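S.K.: Attaching a predicted model along with its sequence, questions to come.
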Amino acid sequence: MKILAVGDLIGSAGVKELGRQLKLLREKEEIDFVIVNGENSAEGMGMTEKNFKDILEAKVDVITMGNHTWGKKDIFKFIDHPKLIRPANYPKGVVGKGYGIYNCKDKKIAVINLIGRVYMNILSENPFLIVKKIIEKIEKQVDIIVVDFHAEATGEKITLAHYLDGKITAIYGTHTHVQTADERILPKGTGFITDIGMTGPKNSALGMDIDVVIKRFETTLPERYKIATGECMFNGVIFNIDDKTNKVRNIQRINI
């Protein structure tokens, strides 16, 4: 079983790059299941209905979100779609769901979305306690559990990974838009990478127009961000999972 996780889509440029690269990558690497983070697909903040449909047309199995989940009001039209999940540790009663269970090649795959609390300035519940409850609820129902941890602090991501080591199949970080080179299998068998990077304009400051970002730093004035133009990059990772043990055999970083 090969599961591909694609880094944060940045604007319509990132969505288009997903459409260009995913079919080729599926065939080349024999990908079985695809998870994409879409919370920046609406020009950097949130996701519109058009973005959502375009991502699904690329044959994506699950779309995860993050701190910009509610960035566009459109999302309330499709928040209950089975292929869309938002951070599970948003406060109780918030619309949408924090995890989903999906069928693929005679396996049941659970995908959980979480958001960090360190430096995030988002009202959320404790991701450690919430994910523990979810795992206890579903662990006997599924074969594979994958977590997208949308968080800022590397220390928080690494600590949660060790907290979940041996309890889940794989955990990866999103949000910082910079791919890390620390992919590894933890001591108890869980696959981990701190951040899988982004899919969007390469010549940019985390996907944003460089001149605009420079002006903000120079002047401290609230210059409006805009998505950069030009060539795009495609970031993600492939978790190669053993069909007998349901454990990660190896992790392959993707940087196209």
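M.R.: The structure has been received and is ready for your questions. Numbering: from 1, shown residues only.
S.K.: Surely Lys77 is in contact with Lys50?
M.R.: No. Contact status for Lys77 versus Lys50: not in contact, 11.2 Å apart, counting by C-beta atoms under 8 Å. The C-beta positions use only the backbone N, C-alpha and C, and glycine is treated the same way.
S.K.: Now list whatever residues contact both of the two.
M.R.: Contact criterion C-beta atoms under 8 Å, 6 or more residues apart in numbering; no residue bridges Lys77 and Lys50 by contacting each.
S.K.: Now the element after whichever helix in the chain runs longest, going C-ward?
M.R.: Looking only at the chain and at elements set by DSSP state H, the helix with the highest residue count is helix 11-29. Later in the chain than helix 11-29, the nearest helix or strand by DSSP states H and E is strand 33-37.
S.K.: Off-centre distance for the helix or strand just after that next one?
M.R.: Read in the C-terminal direction, the helix or strand following strand 33-37 is helix 49-57, with elements assigned using DSSP H and E. Centre-to-centre, helix 49-57 and its host chain are 16 Å apart (C-alpha atoms, centre = their mean, to the nearest Å).
S.K.: what is the most centrally placed residue in the chain paired to in the beta sheet?
M.R.: Using C-alpha atoms, centre = their mean, the residue of the chain that lies closest to the mean C-alpha position is Asn37, 3.7 Å off. The bridge-partner assignment for Asn37, based on DSSP bridges, gives Thr64.
S.K.: Also Leu114?
M.R.: So, taking DSSP bridges as the rule, Leu114 has Phe149 as bridge partners.
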